[in-house]
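A.B. asks: structural data only, the sequence is not supplied:
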Ligand SMILES: C[S@@+](CC[C@H](N)C(=O)[O-])C[C@H]1O[C@@H](n2cnc3c(N)ncnc32)[C@H](O)[C@@H]1O
């Protein structure tokens, strides 16, 4: 038996076979196998099979099924255990566990409205026809020199792509007609069914792959936002490029890009009427902060504007850092930024928020209230309003309930927002009796901006 280095997490256990019980210590060998440490002469040898391994986890005993010593490691014969979960969180996680849920998942099919099922069947058939067509063109292009292939693909994307976009638009209109009167529970059930049936197509589009897999745990992460801001063809194959480009051209995506112009405009209106120096700006849930490049217009802005960028996600802050560095490099001027890695929850819990974050002449939050319930939204609005200096202004963005892309986002992208009407938006500010408020829309008409000014 060799001792594991002290720093290697180790669990005590017993290997059992018939009446034989061998005390062992195990460490992680790989995600799916364990190293076993045992006393010499204990009966453990290469190829030995054991009925079970009983492990002593920090809070309980766990029984792992049949296993064998293979190439010096313990591998499991009837289950696929996640050995990382054993050591990282002290939990037994069986990768085959999803099979227990399979009957339930498959049974979902029975509760799908026949019209919806027909719709999905036709849609997947049509998409496969389009995909085959575009894949065949890709094959032809692959035999050409890169410059020729690039030129031909450009034509393909604009000409045949245009037809494909019209097809997608028609299918989306049909989706709206089909589901518009669904209850929230029906939306959830049919959306789930839709995404299972459409999974291979959803994984073909960069934006849908990201929104569906949610590698940061939520939709609307910095990478998704950048895909929307960039509005480019992404992917190697024509079909993938088109299936990505279509959603990033939609009204709701255009509304995101419109923020880049509108927020700086609103900031400059407040700046023009203010004598504050520095002029302090807070962005809550800043994401990649692409709007900042239009904040810095005159030389004076670099001396006067002081930014505080807050986000719960380190990766979003890293993307924002990239945006700030780019502006600073271009102008060859430093930019004054305070970075805050906090969540809304922390803001709400903090009693004296001003001493933590400071006070501001301009506060804005875009793409954030769309995730907050009315009580949380109201509480956050109140907290942020307290941070405004007299004469300061705050702007909150929220998608309107009539967002024409809402079912595209919910069904295809698994991206569900908290939509609001004008009245619901104004109600968030109802407790702030001393605030002057205005409600405006962007050109797309699907993004609302509630502006609150502190007298
Ligand atoms: C849809 S993006 C919007 C980003 C940016 N404001 C924009 O308009 O491009 C949402 C951002 O909110 C951040 N976020 C989501 N929930 C949050 C929370 N509870 N606290 C702080 N930030 C949050 C995410 O990390 C993400 O960067």
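C.D. replies: Looks like it arrived, so ask away. From a predicted model like this one, the values you see are computed outputs, not experimental measurements.
A.B. asks: what number of residues lie near residue 18?
C.D. replies: Each residue near residue 18 was counted by other Cβ atoms under 10 Å, and the total is 7. In short, each C-beta sits where N, CA and C put it, glycine included.
A.B. asks: please disregard the earlier target; I meant residue 186.
C.D. replies: Other residues lying near residue 186 total 15 when counted by other Cβ under 10 Å.
A.B. asks: after the helix or strand hosting it, next one along is what?
C.D. replies: For residue 186, the host element (DSSP states H and E) is helix 184-202. Following the chain from helix 184-202 toward its C-terminal end, the next helix or strand by DSSP H and E is helix 206-213.
A.B. asks: name the helices or strands packed onto the next helix or strand after that next one?
C.D. replies: Later in the chain than helix 206-213, the nearest helix or strand by DSSP H and E is helix 222-230. Using 3 or more Cβ pairs under 8 Å, 6 or more residues apart in numbering; DSSP states H and E as the contact test, the elements touching helix 222-230 are helix 206-213, helix 238-248, helix 251-272, helix 314-331.
A.B. asks: closest to the ligand out of the ones you listed?
C.D. replies: Between the ligand and the helices and strands packed on helix 222-230, the tightest spacing by Cβ to the nearest ligand atom is seen for helix 314-331, at 3.5 Å.
A.B. asks: now do the helix holding residue 186: which elements does it pack against?
C.D. replies: Helices and strands touching helix 184-202, by 3+ Cβ pairs under 8 Å, 6+ apart, are helix 114-141, helix 146-179, helix 206-213.
A.B. asks: and that helix with helix 146-179, angle?
C.D. replies: Relative orientation of helix 184-202 and helix 146-179, computed by axes from the mean of the first three to the mean of the last three Cα atoms, to 10 degrees: 160 degrees.
A.B. asks: list the buried residues in helix 184-202.
C.D. replies: By neighbour count with 16 or more other Cβ atoms under 10 Å, helix 184-202 contains the buried residues 187, 189, 190, 191, 193, 194, 195, 197, 198, 201, 202.
A.B. asks: next, the angle helix 206-213 makes with that helix.
C.D. replies: Calculated by the same axes, to 10 degrees, helix 184-202 forms an angle of 130 degrees with helix 206-213.
A.B. asks: so what touches helix 184-202?
C.D. replies: The set of residues that contact helix 184-202 without belonging to it, under Cβ atoms under 8 Å, 6 or more residues apart in numbering, is 105, 108-109, 111-113, 116-117, 120, 123-124, 127, 131, 179, 182, 208-209, 212, 243, 410-412, 414.
A.B. asks: for residue 212, see how far away the residue of the stretch 51-200 of the chain found nearest the ligand is.
C.D. replies: When you check the stretch 51-200 of the chain against the ligand by Cβ to the nearest ligand atom, the closest residue turns out to be residue 191, at 19.6 Å. From residue 191 over to residue 212 the distance is 11 Å, taken as Cβ to Cβ, to the nearest Å.
A.B. asks: between the helices and strands packed on helix 184-202, which gets nearest to residue 35?
C.D. replies: Residue 35 lies closest to helix 206-213 among these, at 32.0 Å (Cβ to Cβ).
A.B. asks: for that closest one, name the packing helices and strands.
C.D. replies: Under the contact definition 3+ Cβ pairs under 8 Å, 6+ apart, helix 206-213 sits against helix 184-202, helix 222-230, helix 238-248.
A.B. asks: now residue 397: phi and psi?
C.D. replies: phi -100, psi 150 (degrees, to the nearest 10).
A.B. asks: what is the burial count for it?
C.D. replies: Using other Cβ under 10 Å, residue 397 is surrounded by 23 other residues.
A.B. asks: any idea what it is bridged to?
C.D. replies: residue 449 (DSSP bridges).
A.B. asks: SS state for the closest residue to residue 266 other than its chain neighbours?
C.D. replies: Take residue 266 and drop its neighbours on the chain: the residue closest to it by Cβ to Cβ, 6 or more residues apart in numbering is residue 395, 5.3 Å away. Of the three states, residue 395 takes strand under DSSP: H, G, I helix; E, B strand; the rest coil.
A.B. asks: list the contacts for residue 395?
C.D. replies: Taking Cβ under 8 Å, 6+ apart as the test, what residue 395 contacts is 263, 266, 362, 363, 364, 365, 449, 450, 451, 452.
A.B. asks: and if we set it to 6 Å?
C.D. replies: Contacts of residue 395 were listed using Cβ atoms under 6 Å, 6 or more residues apart in numbering, and they are 266, 364, 449, 451.
A.B. asks: that'll do, ta.
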